[in-house]
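*Asks:* generate coordinates for the sequence data below:
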Amino acid sequence: MPQLQLTTDESGDKLLQLLAVQVTLFPGRGVCIGLTNHHSAGDANSIVGFLRSWASISKHGGDEELLMTQGESLPLFDRSLIKVRPGLDSIYWNYAKEIPLQPPSFPLPTNRVRATYVLNESAIKKLKDAVLSRNPAGEEERADDDGDELQTFLFAVDSRARLDPPVPGNYFGNCLSYGMSRFFAVSGSARVDLYSTDFGWGKVRKLETLSIDGEKYAMSLCKAGASEGGLEVGLSLPKVKMDAFAAAFADGIKGS
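*Replies:* Residues are numbered from 1 along each chain as shown. I've put the predicted structure just below:
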């Protein structure tokens, strides 16, 4: 995966690349496109929109098709749409300046395996029904393990439609909210659909998220490529834990 480079200009200002792309050709098999971006450029919704626009221009040899079919969905950069209280901009900026400017890194784990689990629409419904039947609304259940240890499940939420007034879906940038002593993070979203992206060579056959290989446990989530209404869940775990999860996953689907 290409790495974002950090440089310094003549005035001493630090410059960090926002996007890097690597294309690998597998003769007789296909093409792999690796992409990494700095989160300050935009959230998942923005980057997916960028990729779809890029793919459309590549497939049709120009932007005419994109402008005719998706003209109203072109990136919107009007920052005045985000209404903040007076003075908050300077507070956020002063806080951001104290954060060390470092390019993201993706260390290669040596003790993990990867797996992608696909849930079709019927399996998702069965799981929802099983959860509701075992823990009805209003019923509280406490786990006995870990005592009072703080744990957080981190899931980024697209706030565009949740703001008052709402922000258009094609707003390009970051419009996220979080909903840490110990946490489990989700990379991606059930609304992210990259399998329909076509650069002119055919639709995407496999999607992988490299950031879940980090030291902290995480999972990737996206719409399934081959299952209408389904989801793909990507995991990176030590083999022993992956084997245990695979068995529990299979049993859970059968018994839900």
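
*Asks:* going forward, measure contacts between C-alpha atoms and count neighbours the same way
*Replies:* OK.

*Asks:* okay, buried residues for the host helix or strand of residue 245 please.
*Replies:* Take DSSP states H and E as the rule and residue 245 turns out to sit in helix 239-255. Within helix 239-255, the residues that count as buried by 16 or more other CA atoms under 10 Å are residue 242.

*Asks:* for that helix, packing partners?
*Replies:* Counting contacts by 3 or more CA pairs under 8 Å, 6 or more residues apart in numbering; DSSP states H and E, helix 239-255 packs against strand 113-119, helix 121-134.

*Asks:* with just CA atoms, put that helix into CSV.
*Replies:* Only the C-alpha atoms of helix 239-255 are listed here, as CSV (Å, rounded to 0.1, in the frame of the first residue of the first chain):
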residue,chain,number,x,y,z
LYS,A,239,-5.8,-17.7,14.0
VAL,A,240,-7.0,-19.3,17.2
LYS,A,241,-9.5,-16.4,17.8
MET,A,242,-10.6,-16.5,14.1
ASP,A,243,-11.3,-20.2,14.3
ALA,A,244,-13.4,-19.7,17.4
PHE,A,245,-15.3,-16.8,15.8
ALA,A,246,-15.9,-18.8,12.6
ALA,A,247,-17.5,-21.6,14.6
ALA,A,248,-19.6,-19.2,16.7
PHE,A,249,-20.6,-17.3,13.5
ALA,A,250,-21.8,-20.5,11.8
ASP,A,251,-23.6,-21.7,14.8
GLY,A,252,-25.2,-18.3,15.3
ILE,A,253,-26.5,-18.2,11.8
LYS,A,254,-28.0,-21.7,12.0
GLY,A,255,-29.5,-21.2,15.4
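
*Asks:* what angle do helix 121-134 and that helix make with each other?
*Replies:* Using axes from the mean of the first three to the mean of the last three CA atoms, to 10 degrees, the direction of helix 239-255 lies 90 degrees away from that of helix 121-134.

*Asks:* low-confidence ranges in the stretch 1-150 of the chain?
*Replies:* Applying pLDDT under 70 to the stretch 1-150 of the chain flags residues 71-73, 103-110, 135-150.

*Asks:* show me where it has helices.
*Replies:* Listed in chain order, the helices of the stretch 1-150 of the chain (DSSP state H, counting those that start in this stretch) span 44-60, 64-70, 88-97, 121-134.

*Asks:* ok so, going back, tell me which of the helices and strands packed on helix 239-255 is the most buried.
*Replies:* Most buried of the helices and strands packed on helix 239-255 by mean neighbour count (mean count of other CA atoms under 10 Å) is strand 113-119; its value is a mean of 16.

*Asks:* that one packs against which elements?
*Replies:* Here strand 113-119 touches strand 231-237, helix 239-255, going by 3+ CA pairs under 8 Å, 6+ apart.

*Asks:* any chance of these in a markdown table, plus distance to residue 63?
*Replies:* Putting those into a markdown table (distance: least, CA to CA, whole Å) gives the following:
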| stretch | distance to residue 63 |
| --- | --- |
| strand 231-237 | 31 |
| helix 239-255 | 44 |
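
*Asks:* by mean pLDDT, show me the worst of these.
*Replies:* When mean pLDDT is averaged over each of those, helix 239-255 scores lowest at a mean of 86.

*Asks:* distance from the chain centre to that one, please.
*Replies:* Offset of helix 239-255 from its chain centre (CA atoms, centre = their mean, to the nearest Å): 24 Å.

*Asks:* that helix versus strand 113-119: what angle between them?
*Replies:* Using the same axes, to 10 degrees: helix 239-255 against strand 113-119 is 10 degrees.

*Asks:* gap between the closest residue to residue 200 other than its chain neighbours and residue 170?
*Replies:* Distance criterion CA to CA, 6 or more residues apart in numbering; nearest residue to residue 200, sequence neighbours excluded, is residue 59 at 4.0 Å. According to CA to CA, to the nearest Å, residue 59 and residue 170 sit 21 Å apart.

*Asks:* all set, thanks.
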